[in-house]
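Asker: Structure for this input, please:
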Amino acid sequence: MSSSQRIRRVNEAVREVLAEQLPGLKDPRIGFVTLTEVRTSTDLGYAEVFFTVLPDDAETRAATLKGLDSARSLLRRELGARLRIRHVPELRFVEDPVPERGRRIEALLREERHRE
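Answerer: So this is what the prediction gives:
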């Protein structure tokens, strides 16, 4: 099995385990969160976990990020218990930039239509 296939499998396994654990967290800052992607470093030292949240506003995103950061050690411990990997990656939660890019594209298209 190639290294890229292994990383891809680890990424998906990390995303699945974390997604299963999020609803059980009791932190009120963590609401309706969707994990969109996980990117693990090749040495499994860290994993960037991309997320979106509803409602999609700056205040909710910031509160969710703080909640996820505070639950990081609990989530990492659960990863260690559920995955069969030697080193459990350090988790870094990152807001997924795709929704913001979509809003920007929509605004540019509206602006262009308005000019015509």
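Asker: Which secondary structure element is home to the residue nearest the centre of the chain?
Answerer: Compute the mean C-alpha point of the chain, and by CA atoms, centre = their mean the closest residue is Phe50, 2.6 Å away. In the assignment (DSSP states H and E), Phe50 maps to strand 46-54.
Asker: Check Arg86 too.
Answerer: Taking DSSP H and E as the definition, one finds Arg86 inside no helix or strand.
Asker: quick revisit: check which strands are paired with the strand holding Phe50 and give the direction for each one.
Answerer: Here strand 46-54 has these sheet partners by DSSP bridges: strand 32-40 (antiparallel), strand 90-95 (parallel).
Asker: what comes up buried for it?
Answerer: Of the residues in strand 46-54, those buried under the neighbour-count criterion (16 or more other CB atoms under 10 Å) are 47, 49-53. Where you see a C-beta, it was placed from the backbone N, CA and C, and this is true even at glycine.
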